[in-house]
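*Asks:* Sequence and predicted structure, then a few things I'm wondering about:
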Amino acid sequence: MTSQEISAVLPGDEMAQTRAKMGQPIVTAATSRDRGEGPWKRLILRGATVIDGTGAPPIGPTDIVVTDGRISLLKKIGGTPAKPKGAVPTEPGDHEIDCHGKWVTPGFIDCHAHAGVAYHAANGWVPPVDYVYKLWLAHGVTTVREMGSFNGLTWMLDQKKLSDENRIAAPRLLTYCYFPAVNDMLKLIHTPDAGRVWLRQVKERGADGIKFFGAPPAIMEAALDECRKLGLRSGCHHAQMAVTRMNALTSAKWGLTSAEHYYGLPEALFEDRIVQSFPLDYNYNDEYFRFSVSGQMFRQGATPGSKKWNEALDQFLELGFTFVPTFTIYDANRDLMRARQADWHQQYAWKSMWKYFAPQRGGHGSYWYRWSTQNEIEWKENYRLWMAFINEYKNRGGRVCTGSDSGFIYQIFGFGYIRELELLQEAGFHPLEVIRSATSQGAALCGLEDEIGTIEVGKRADLLVHDHNPLEDFKLLYGTGAMRLDEGTNGPKFVRGLKLTIKDGIVYDTAELLADVRKMVEESWADDDVERPSTRDPAA
Ligand SMILES: [Zn+2]
């Protein structure tokens, strides 16, 4: 784009407009709501075992009363295992859900997600955002911190408003704008003052926060100062092209709210180098290089328990910093075949996404040019060190949030979020700590701790109704369910635990949402000569 063309574009829309001109049209927006019942004046969830999101253990049976979309009463009731004497039954509601023998958690918050990915246009028809929204809701995601607003701030603000008014079937949306000051992406801001002006403009338009990929230090420092003044929150993917000049600790000191993925953290742990040990024939544009050698990075930093390691932990803690690791999005790096053969691809992988994931030059995250045993072993070791740091940060009181970044690297929306719950547990989190990360910790990161994230009187009714205890196995939350033995047939069966997703008191049946998605996906594959995802039928 020329500077003249850019000046006609509204602040926050620059990336979307640029991509549209490159043949990546903006993702089709949602316009109406065809699923979800309610809201009701008085909704009652009767007899639930409550996991409240604070880290407290399950307790029940409890009646949860929702009045006009907010929790108005939590009442311990008679019945097993606790039977208070003389308990007065809760007055009837105008809609009731029997939750005896069921578990209720707060709705999940995805702290790093994208509302569709226009990049998929490289391989065909991009899924409309309804596909994404329904997969999120079907996996319990009721709030999304949309990192980058790559469909443009105008698009995001419209979708956010429609979701807030429950006129579309979508999670609540927070819009974080791409800060256009990146050397290798879109760079329109060249001075600190221009950055400040742009930030005031997007704040004025209604942005919730900013997504950084790094910037020249003077611009980044001024921008974070301006964010603080304006009350804009921020997350940064410390891209390799910018990280030498500012790692996660540098930007944390300048006021950054959160570090996304792993980027910028190994660099904060380096003690015998400043620059990652790049192969000498490295080229950042070659994604095989980018992603293979980034699997060597934590090994190049301070060892767990060392002085440097502890100093870094202490400094991040002192700053009240947040990590959103998104372990899930790199899961394929340590076992490509596992990610590629996931149970859900056959029914839930949209055609252009599936094709986009396959090795191809020019596709982001499609770097399987010669992915090897060695690459996977290095990434497994990288995860061990990365997970050790993140778990220790949590243990010392630091905030770790749950994010998925799905839409790339064989990760499908919704499914990728549940995988992140599994990976936080693998990192050492107790399942209650995982739920806390996915709910109350996410709410705090987003500045919504008074509205969502826990089951408490006064909070919005963002609630999940589970047929099975989610703490026992997060796999039960996958849209395809978890494999079990069917004692009747002595064969496999798939058990799905998440029955209802309630957002703002609107009740969504996850089975209906999943059926809608399967139908959309089927249509995306109609008349196609490309081989379908080569997974077996999960229902078989
Ligand atoms: Zn992302």
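*Replies:* Received it, and whenever you're ready, just let me know what you need.
*Asks:* Grab the longest helix from the chain for me.
*Replies:* helix 373-395 (DSSP state H).
*Asks:* for the very next helix or strand once past that helix, packing partners?
*Replies:* Using DSSP states H and E, the helix or strand that directly follows helix 373-395 along the chain is strand 399-400. In terms of contact count using 3 or more Cβ pairs under 8 Å, 6 or more residues apart in numbering; DSSP states H and E, strand 399-400 is assigned the packing partners strand 322-324, helix 373-395. From N, CA and C alone the C-beta is placed, and that goes for glycine too.
*Asks:* Buried residues in stretch 31-47, which are they?
*Replies:* By neighbour count, and taking 16 or more other Cβ atoms under 10 Å as the criterion, the buried residues in stretch 31-47 are Arg33, Arg35, Gly36, Gly38, Pro39, Trp40, Arg42, Leu43, Ile44, Leu45, Arg46, Gly47.
*Asks:* Of the helices and strands packed on strand 399-400, which is nearest Asp63?
*Replies:* Proximity to Asp63 (Cβ to Cβ) singles out helix 373-395 among these, at 32.5 Å.
*Asks:* Just the CA trace of the longest helix of the chain, in PDB.
*Replies:* Coordinates of the C-alpha atoms in helix 373-395 are reproduced here as PDB (Å, rounded to 0.1, in the frame of the first residue of the first chain):
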ATOM      1  CA  THR A 373      13.200 -37.100  14.300                       C
ATOM      2  CA  GLN A 374      15.900 -34.700  15.500                       C
ATOM      3  CA  ASN A 375      13.500 -31.700  15.300                       C
ATOM      4  CA  GLU A 376      10.900 -33.500  17.300                       C
ATOM      5  CA  ILE A 377      13.400 -34.500  20.000                       C
ATOM      6  CA  GLU A 378      14.700 -31.000  20.300                       C
ATOM      7  CA  TRP A 379      11.200 -29.600  20.600                       C
ATOM      8  CA  LYS A 380      10.300 -32.200  23.300                       C
ATOM      9  CA  GLU A 381      13.300 -31.000  25.300                       C
ATOM     10  CA  ASN A 382      12.300 -27.400  24.600                       C
ATOM     11  CA  TYR A 383       8.900 -28.100  26.100                       C
ATOM     12  CA  ARG A 384      10.300 -29.600  29.200                       C
ATOM     13  CA  LEU A 385      12.300 -26.500  30.000                       C
ATOM     14  CA  TRP A 386       9.500 -24.100  28.900                       C
ATOM     15  CA  MET A 387       6.900 -25.900  30.900                       C
ATOM     16  CA  ALA A 388       9.200 -26.000  34.000                       C
ATOM     17  CA  PHE A 389       9.500 -22.200  33.800                       C
ATOM     18  CA  ILE A 390       5.800 -21.600  33.300                       C
ATOM     19  CA  ASN A 391       4.800 -24.000  36.100                       C
ATOM     20  CA  GLU A 392       7.300 -22.500  38.500                       C
ATOM     21  CA  TYR A 393       6.000 -19.000  37.600                       C
ATOM     22  CA  LYS A 394       2.500 -20.200  38.600                       C
ATOM     23  CA  ASN A 395       3.800 -21.800  41.800                       C
END
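*Asks:* how distant is it from the center of its chain?
*Replies:* 19 Å (Cα atoms, centre = their mean, to the nearest Å).
*Asks:* Please apply the same query to stretch 501-515.
*Replies:* The answer for stretch 501-515 is 19 Å, by Cα atoms, centre = their mean.
*Asks:* And that stretch, end to end?
*Replies:* 15 Å (Cα to Cα, to the nearest Å).
*Asks:* Identify each buried residue in it, please.
*Replies:* Within stretch 501-515, judged by 16+ other Cβ under 10 Å, the buried ones are Thr501, Ile502, Lys503, Asp504, Gly505, Ile506, Val507, Tyr508, Asp509, Thr510, Leu513, Leu514.
*Asks:* hey, what's Leu173 bridged with?
*Replies:* In this structure, Leu173 has beta-bridge partners Val144, where bridges are defined by DSSP bridges.
*Asks:* picking up where we left off before, run through who's touching the longest helix of the chain.
*Replies:* For helix 373-395, the external contacting residues (Cβ atoms under 8 Å, 6 or more residues apart in numbering) are 262, 265, 269, 292, 294-299, 301, 304, 309, 313, 316-317, 323, 325, 327, 330, 333-336, 400, 423, 426-429, 433, 437.
*Asks:* Okay then, goodbye and thanks.
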